[in-house]
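Engineer: sequence? don't have it. structure:
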């Protein structure tokens, strides 16, 4: 996966890339729970804490979306190869 990220985000994204899908989902759920708790305790959505949590969540969401796209493209590639080999056999 080759995404362009800021200097501060690159190490976080690299760590997120190393997580299993379940661990990635757990970390995203943890961050969402932290955001909900902060709001319940009166934290403003624009506060430094909320912005930081949101930025952390963004990194995990990008990794999850990238993995999903890669799986989708891999499936399309397999289907394309299968279709092409069928066409070649018919010719």
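Structural biologist: Thanks, I have it. Since the model is a prediction, treat every value here as computed from it, not as a measurement.
Engineer: all contacts plus neighbour counts: C-alpha atoms, from now on.
Structural biologist: OK.
Engineer: buried ones in stretch 38-45?
Structural biologist: residue 38 (16 or more other C-alpha atoms under 10 Å).
Engineer: What's the end-to-end length of it?
Structural biologist: 9 Å (C-alpha to C-alpha, to the nearest Å).
Engineer: Quick one: residues in contact with that stretch.
Structural biologist: Stretch 38-45 has contacts (C-alpha atoms under 8 Å, 6 or more residues apart in numbering) with 50, 51.
Engineer: For the host helix or strand of residue 75, give the mean pLDDT please.
Structural biologist: Taking DSSP states H and E as the definition, residue 75 sits inside helix 48-90. Summarised as a single mean, pLDDT over helix 48-90 is 80.
Engineer: quick thing: my sequence starts at 53, can you match it?
Structural biologist: Renumbered: residue one is now 53, and that last one reads helix 100-142.
Engineer: Run a quick neighbour tally on residue 77.
Structural biologist: 15 (other C-alpha atoms under 10 Å).
Engineer: need the contact list for it.
Structural biologist: For residue 77, counting by C-alpha under 8 Å, 6+ apart, there are no contacting residues.
Engineer: coming back round to it: tell me what the helix holding residue 127 is packed against?
Structural biologist: helix 61-69, helix 73-92 (3 or more C-alpha pairs under 8 Å, 6 or more residues apart in numbering; DSSP states H and E).
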